[in-house]
Every structure is written in structure tokens, then in C-alpha cells.
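how does the following fold in three dimensions:
(one chain, ligands or ions: 1)
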Amino acid sequence: MAAALYHPDLGYYARQIRQVGRDGDFFTSVSVGPVFGELLARRFGRWWLEAGCPENWRLIESGAHDGTLAADVLTALRRLEPAAFATLQYAIPEPLPRLQAAQRQTLQPFAERVLFVANPTELALNPRPGIAFGNEVLDALPCQVIEWQADGWHLWRVGFSADDRFCWDTLLPVSDRAQVAALAPLGGGFPIGYRSELRTNYAGFFAPLLSGLSSGLLLWLDYGFARPEFYHPARHQGTLRTFSGHRAADDPLLDPGANDITAHVDFTTVAEIAIRLGCRPLLFRSQGSWLTALAREWLLAMEGQPDAALLRQFTTLTHPAQLGSRFHVLELAWNEPLAPEIAAADFHRLALGEGHDA
Ligand SMILES: C[S@@+](CC[C@H](N)C(=O)[O-])C[C@H]1O[C@@H](n2cnc3c(N)ncnc32)[C@H](O)[C@@H]1O
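Okay, here's the model as predicted:
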């Protein structure tokens, strides 16, 4: 999955940049329009005020793709909180040269505010207060395919078929310590042949981002569930999918490099890993309820003079039948001793799943 998506020449994300939007392979909240960035900017502006208006603060956006979300956030923040905008560094870690070139072009009007780095570890030389965030990035981190057998969890290894194609080759018992530890909380008793996915790379992804922040937030938006829903017995074929031309398929071994490959996010694991790194969970909500709360002032300002196009974007982002309930938002505090405790409903949702947010 790592090579199929990120190989510097042949990987899906390295080869071309027209994956997102109408002419691409999939839509995201970013491609819905600028309302998503406008509302994120309101969250960032609120954090900046609550943090005491720090000078020289930083936003770190992972998976910035062609820079569209960055441009939407920066446009809104400049209007909403000019003082925050004036001291902001908007950092974009981007290892793929083709994507970085597209980001530089999109963000030309904000050149003074934006810093491009190939690797987020470069930000650790000069940590600042701020927020590391990303939309639909965690689902794009490579995962393993796991399968339950009578003697426990196994990993599927990819090999070559007789006609020299990739195929699911061998089921290997899990022996790697990190994988054993990550599988332990899942328990046992799954139906034989139950397939799912496992990511053990969240810590490696978060640690360099945290080293670029002296304090602040981690904020992740993605599709996924709490662990009990992710590893629900009924989800026996897992969530690994490919996307091409807005069509979903389920064979990631077919034509690697030509399709997006993605698997849902187990947010409980994400939170546990972040806690181990020193973070504290603040909130876990559906995207619909999170954005609706953020949009209060924005909606009130439109009273009497509604903008139909913007309201349509808002509906797409928040309606439960569209992006509102499939997507979730996880906020975590980093080095912020005064940050509030996570609300009981959010905690239960994170630990037990959506059915338990009474
Ligand atoms: C599904 S796209 C989402 C793009 C954009 N955030 C949006 O919502 O439209 C996933 C993006 O995450 C990027 N990505 C994956 N792993 C990454 C990593 N470790 N660091 C930075 N970007 C990464 C990919 O290159 C790709 O641009």
C-alpha cells in the first residue's frame, strides 16, 4: 500500500494530482467548496484566542494535496482574525515534489505565511504553539490486512501469481511485537475468515508533528468508527477499498499506482496512541455535529440574506445522509494543562461506539 500510493515515481499520489473533485477519483469535504475551510478557520481562530493570542504560532496541515484547503483556511482566517493571520506560519509537510509544486502555485498569494517542508521533523528545530491537522489523511496511511483464524490473528502477505500478478499469497501468524500489542485490545471470538485492517504507524506519523508544536491541538477529520464498530462481527470483509473515477472497488492488488487505496480509521486506536505520546482527548464527534456547532456565527450572519450555494455546501458537509455522519472529528490537546476534560458523551462514543452517546 505504501509503494502503490507513495512510490516517488509510480505511486498513485506521486503520478498525478487530479485525484480529488469532479474530474478526479473521489470527492472530499475540501472539494465540496470553501465552506469547509471557512469553518475550520473559525475553530483555529477560537483556539488562538483561547490560547492567549500567541505570537508566532503554527498550523501544520498534513495531506494538503493541491493546497486548496490551505487557501480556504488562510482566506477565511485573514478576514476573521487578522491579528492571528499576521503571526501565523502555515506549515505543509509534503514529501512528494509534484504535490508540493501544486501547493506552491495555489498558495502563491499567501507565500509569506506558508512554509513547505519535505519532512515534519524539520519543524522540531523551532517548535511553536499551534495545531496539527489533516482531512482524510489517516485513512491514506498504509495498513495491514488481518484475518481471524482458529488460532488467532494472521496477516495476509502479498505475493505473485503464476502469471506474474500480485495476489494474496500467504497467511502469516502475527509475531511482530507492535502488531501483537495493537491486536490485543480487539479480543477474540471472531468468525473464522473474518478480515479487517490494522495500522501500527500512527505513532510514527504523530510524533514528528508533535515535536513541531510546543503546545496546542491535534485535529483529525476522516471516515471511520470507534473500535467496537470498526471491528464489529458484521463488518467481516473489512473496509479496504480502491477508488477510481468515483467508483469504489475492493481489489487493491489490481493495477497498483492507478487507484487510490484507503481503509477506514479506528479512532479509538488513534486516541490511545496519541495518549501514549502525551496527548489528551478533547472531543470525538460526527463531522455534522462538529461543523454545525462551529457554524453558529456564520449561519447567523447569513440570516435575511442566505447564500444558497454556500448553504448547499454546508448541507453536504453536515447532513447525516451525506458527509455528516460517516465522517468523524477527533481533537486532542498537546501540552495544554488547562484544556477541558473530554465530555462524557464524547468519551463513551470513542470507547464504545456511536450507539452509546446517551
Ligand atoms: C485522500 S487525500 C486527501 C487530500 C486532502 N486533504 C483533501 O481532503 O482533499 C490523502 C492525502 O494524504 C497525503 N498523505 C498520506 N500520508 C501522508 C504523510 N505521511 N504525510 C503527509 N501527507 C500524507 C497524500 O499524499 C494525499 O495527498
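
for the ligand, see how far away Gly353 is.
24 Å (Cβ to the nearest ligand atom, to the nearest Å). Quick note: C-beta positions are derived from backbone N, CA and C, even for glycine.

touching, that residue and Arg235? I think so.
No - using Cβ atoms under 8 Å as the test, Gly353 is too far from Arg235 to be in contact (11.8 Å).

so what sits against both of these two?
Glu229 (Cβ atoms under 8 Å, 6 or more residues apart in numbering).

so between these two, which is more surrounded?
Gly353 (18 against 15; other Cβ atoms under 10 Å).

and Asn56, how far from the ligand?
From Asn56 to the ligand the distance is 23 Å (Cβ to the nearest ligand atom).

likewise for Arg22?
Applying Cβ to the nearest ligand atom to Arg22 and the ligand gives a distance of 13 Å.

again, but for Cys167
25 Å.

which stretches in the stretch 51-200 of the chain count as strands?
For the stretch 51-200 of the chain, applying DSSP state E, counting those that start in this stretch gives strands covering 57-61, 88-93, 114-117, 128-135, 144-149, 152-160, 166-173, 195-198.

with adjacent residues omitted, what lies nearest to the residue in the stretch 201-350 of the chain positioned nearest to the ligand?
For the stretch 201-350 of the chain and the ligand, the shortest gap (Cβ to the nearest ligand atom) falls at Phe205, measuring 5.6 Å. Of all residues not flanking Phe205 in the chain, Leu141 sits nearest, at 6.1 Å (Cβ to Cβ, 6 or more residues apart in numbering).

tell me the pLDDT at the residue nearest to Phe327 when sequence neighbours are not counted?
The shortest distance from Phe327 to any non-neighbouring residue, by Cβ to Cβ, 6+ apart, is to Gln287 (3.7 Å). Reported pLDDT at Gln287 in the predicted model: 97.

Gln287 against Gly324, yeah?
Yes - contact criterion Cβ under 8 Å: Gln287 and Gly324 qualify, at 5.8 Å.

these two: which is more packed in?
Gln287 (24 against 20).

re the thing from before, just give me the neighbour total for the residue nearest to Phe205.
Around Leu141 there are 20 residues (other Cβ under 10 Å).

contacting residues for it?
Arg199, Asn201, Tyr202, Phe205.

turn the residues you listed into JSON lines, columns for distance to Arg15 and neighbour count.
What follows is the contacts of Leu141, written out as JSON lines (distance: Cβ to Cβ, whole Å; neighbours: other Cβ atoms under 10 Å):
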{"residue": "Arg199", "distance to Arg15": "24", "neighbour count": "19"}
{"residue": "Asn201", "distance to Arg15": "22", "neighbour count": "16"}
{"residue": "Tyr202", "distance to Arg15": "26", "neighbour count": "22"}
{"residue": "Phe205", "distance to Arg15": "22", "neighbour count": "17"}
